[in-house]
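Enquirer: Sequence and computational prediction follow.
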Amino acid sequence: MLSFIVRRLLQTLPIILAVAALIFVMFSVIPGTFASSMSDDGRSVLDAEVMARMNKEFGLDDPVYVRFGKYIAQLATFDLGTSFRTRQPVASVIADRLWPTAQLSFAAMLFAIVVGVPLGFIAALRPGSWIDTISMVSAVSGLSLPKFWLGLMLMYLFALVLGWLPSFGYGGGDPRYIILPAIALGVAPLALLARTTRAAVLEIMNADFVRTARSKGMSESKVVRWHLTRNALVIILTTIGLQFGTVIGQAVVVEKLFSWPGLGSLLVDSVTLRDIPVVQGSILVIVLLFLIINMLVDVLCAIIDPRIKYT
Amino acid sequence: MLKKLIATTALALVIGGVAEAQTPRTGGTIRFTAPYGSSFANLDIHTSNRAQDEIWAKAIHRALYNWDANANKPVLELAKEVKVSGDGLVYTYKLRDDAYFHNGRKMTADDIVWTFTRLMDGAKAYPGARYVRIIKGAIDVEKGQAKEISGLRKIDDQTIEMTLTEKVDPGFNFYQAMTSIYPADEAAKESFATKPIGLGPYKFVEYVPGSRLVAERWEKFYKPGQPYADRVTVSIMGEASARDVAFRNKEIDASILGPTQYVAYKADPELSKGLLEVPEVYTRVMGMNPSFKPFSDKRVRQAINYAIDADLIIKKLVKDKAYRATSWLPISSPAYDKDMKPYPYDPEKAKKLLAEAGYPQGFEFEWTATSNESWGIPIVEAVIPMLEKVGIKVKIKPVEGTVLSEVARSGNYQAFIWSNTSGPDPLTSLKCFHSATPQTACNYTQFKNAEFDKLLDEAAATDDQAKRIENLKKANGILREEAPMWWFNYNKAVMAYQPWLKGLQPNATELAIQNYEDMWVDASSPAAK
């Protein structure tokens, strides 16, 4: 197992390098610089001298290959560079935003798992019933709803009409603030988990070993607990892993809507303002998180299902 | 129409006046919003020229001058009086002796010298350098040829002398937050970047990046009895619809409105009672590049102005959240000519002018635009059929705001649509059309007109305010006639405020920027305690 983890960690290196190179190339090609973003609101004109000095200060007047070399050299020492905008180390800028994103993603996935998995199970155990129909229609709707719209509707209902929850903000530890953004972000993975769980359970229910267990007189609760759950869990866990990564990437819309100070809103602002070191750093961190979560899922799957061998 | 505009402006001023006439209440929290994005740049306001950052900076910092929204001009803030030499180049400031930084130290002339010298650091790119450059010797510091600004002399702890390179009102240069005065000792420390110390009415408490900034009353603020509220929270809320819900839910005290919300709020009997409307100093225009052959002909540029029904677009698309533009200078400018008429919608005249210019069949051009709802692609799409009527075809080139500013500066466009600051100083603003101003600065349409230059040069040289204004009005009239741009509209900024929030100021330079010390919340506020 340990060798598997080490090997997977090593495998992330070329992926990280490829992503780093891709982001660098993209932001070298697209027009606009941090200096030009300073007057994009048309409010304050930056004079040519200040713009030139800004480009020099941030090394943007160097040839592309020099900038790329410097960037890779920095990465090799785990230095993500300095933010053009905040003039602070990118690592510290990202660290400030990572925890709120982690909180939101975990809360969203917790909501998705707690509601989605049982819903899928119930639907599969009673195929064709009204509960199956309702849960699957809801699941499809959940997948189709735009997060921005859903977030607004949640705000409207739970903050404005019912007055139960605050409509925006981080709240400094007050758990009421995370509920609405977590639901808005968690509905899509909930729907997917419900559908995946239903499909997995239905497939396993018709498997030979389940029929054998039943024919040997095993009680239905034992069949569900020992055979259905354990076998479906591998598929569910894999889906959870993939969805975790997706949720981190998709948090941007919800973060912006609810003024949640996460990595997603930082990334979008940094793209708009061409704060390239922060863009590069944020994407690398998101990719890294995605890879780590999926590696952990693989490890968990191996623990749950001894048939899975990692060599 | 004009009467209506003037009435609206007066109404805005009255709202400010009424608020000040009430007895301010102390205590509570002002819950303000920063609507222009989902973050602040950082906590060193010298590094940012964005309105979004100036919103928080007004709580913590103060500059040598401040903007008096009711008088619509810059006024002394950190100085009690100023004496100007006969040639109008030497300003001697008697500084306040009751201005204390949030670390308890009294402000002295050394802090001003240190701040302006910092802004001219040639190794850094402080946007405020643009303004400090009017002080004699500042450029030498910027170029690394001197360590001190020769035109900035400390006479004693509370007196400072500033020698300018040209005769301008320094108030327009030193009222913005990017020239805020820092404490010389503290600001050099690294901790200053995360815990700013200023001279403002509120001292820094906490900043949650991407979420909010909190500040609490500074007891030693120099205006007696102010600030009134105990705390100010500035929530970062870039999404208009989210602000709308939060405002209706009474979670925030004020919100800047876009066109869609403006319509909804005006129609609501309760919400419409709390709207502050101000003609801001932003002019929305379509810039025409004279290097593109058809636009080198004045008649073609005029034809564009005649061919577009701007009033219709303002009414239907911008939802009346704008004032029709007549030329460059906006309604709130002291040199705005209220007798000047906008180009009327006259497609026949446009066709005639095009034919005279040699384009009877029209022509095609590329129009660079962002997605902005008030001055971007939606507006261009409304204009296209109007121009087609006179034979002009348009290809839209969509870009981001960051790219648009680069495109306008480089001249790499045929036409662009943008919202640009056109004030508050009319002279500075019109200088963007002076032939000596390069395109890379702000003369985006490479405007050249000898008569215009002469009027501006005379306006800059004269001490006679009436003559200066008269010259600027005439220069603005030349712009209208020469039409380097399609004069679309002046922004009408609208702020919705809760009934318990008092003391808002009709700031025409940017409505979202407020002097928090003049504001208070009455006992009906949910955050009154």
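Expert: Looks like it arrived, so ask away.
Enquirer: for the chain, which spans come out with low pLDDT?
Expert: No chain was given, so I picked chain A. A:42-45, A:308-311 (pLDDT under 70).
Enquirer: That was the other one, I meant chain B.
Expert: Looking at chain B by pLDDT under 70, you get B:1-21.
Enquirer: domain assignment for it?
Expert: B:14-60+B:200-253+B:498-529, B:62-191, B:281-491 (automatic domain parsing).
Enquirer: Any idea how far apart the tips of the last one sit?
Expert: In other words, domain B:281-491. From its first residue to its last, domain B:281-491 covers 7 Å (C-alpha to C-alpha, to the nearest Å).
Enquirer: How far off centre is that domain?
Expert: Computed by C-alpha atoms, centre = their mean, to the nearest Å, the chain-centroid distance of domain B:281-491 equals 18 Å.
Enquirer: Repeat that for stretch A:28-36.
Expert: 27 Å.
Enquirer: Give the buried residues for it.
Expert: A:32-36 (16 or more other C-beta atoms under 10 Å in any protein chain shown). C-beta: built from backbone N, CA, C; applies to glycine.
Enquirer: quick one: which two of the residues you listed are the most distant?
Expert: The span of these, defined through C-beta to C-beta, is set by A:Gly32 and A:Ala35 at 9.3 Å.
Enquirer: residues near A:Gly281, how many?
Expert: A:Gly281: 27 surrounding residues under other C-beta atoms under 10 Å in any protein chain shown.
Enquirer: Just confirm it contacts A:Leu80, I think it does.
Expert: Yes: using C-beta atoms under 8 Å, A:Gly281 is in contact with A:Leu80, at 3.9 Å.
Enquirer: got any residues that touch both of these two?
Expert: A:90-91, A:94 (C-beta atoms under 8 Å, 6 or more residues apart in numbering or on different chains).
Enquirer: Give me every residue in the stretch 51-200 of chain B lying close to chain A.
Expert: B:51, B:122-127, B:129-130, B:142, B:176, B:178, B:193 (C-beta under 8 Å from any C-beta of the partner chain).
Enquirer: Which of the residues you listed fall in helices?
Expert: B:51, B:129-130, B:142 (DSSP state H).
Enquirer: CSV for those, including neighbour count?
Expert: Shown next, in CSV, are these (neighbours: other C-beta atoms under 10 Å in any protein chain shown):
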residue, neighbour count
B:Ala51, 22
B:Ala129, 27
B:Arg130, 20
B:Glu142, 23
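Enquirer: Identify, from those residues, the entry nearest to A:Gly186.
Expert: Using C-beta to C-beta, these come closest to A:Gly186 at B:Ala51, 34.9 Å.
Enquirer: got the contact list for that closest one?
Expert: Applying C-beta under 8 Å, 6+ apart, we find B:Ala51 in contact with A:41, A:43, B:36, B:510, B:512-513.
Enquirer: again with B:Leu456
Expert: B:427, B:430-431, B:434, B:471-472, B:475.
Enquirer: 6 Å - rerun?
Expert: Neighbouring residues of B:Leu456 by C-beta atoms under 6 Å, 6 or more residues apart in numbering or on different chains: B:430, B:434, B:475.
Enquirer: so what's the most centrally placed residue in chain A up against?
Expert: Geometric centre of chain A, nearest residue: A:Ile248, 1.8 Å, by C-alpha atoms, centre = their mean. For A:Ile248, the contacting residues are A:105, A:286, A:289, by C-beta under 6 Å, 6+ apart.
Enquirer: Now go through those and say which are in helices.
Expert: Those of those lying in helices (DSSP H): A:105, A:286, A:289.
Enquirer: Among these, which one has the most neighbours?
Expert: Highest count within the ones in helices among the contacts of A:Ile248 by other C-beta under 10 Å belongs to A:Ser105, 28 neighbours.
Enquirer: rewinding a little: which ones, among the contacts of A:Ile248, also lie beside chain B?
Expert: For chain B, no contacts are drawn from the contacts of A:Ile248 by C-beta under 6 Å from any C-beta of the partner chain.
Enquirer: if we can go back for a sec, considering the residues of the stretch 51-200 of chain B next to chain A, which is situated nearest to chain A?
Expert: Chain A has its nearest neighbour among these in B:Ala125, at 3.6 Å by C-beta to the nearest C-beta.
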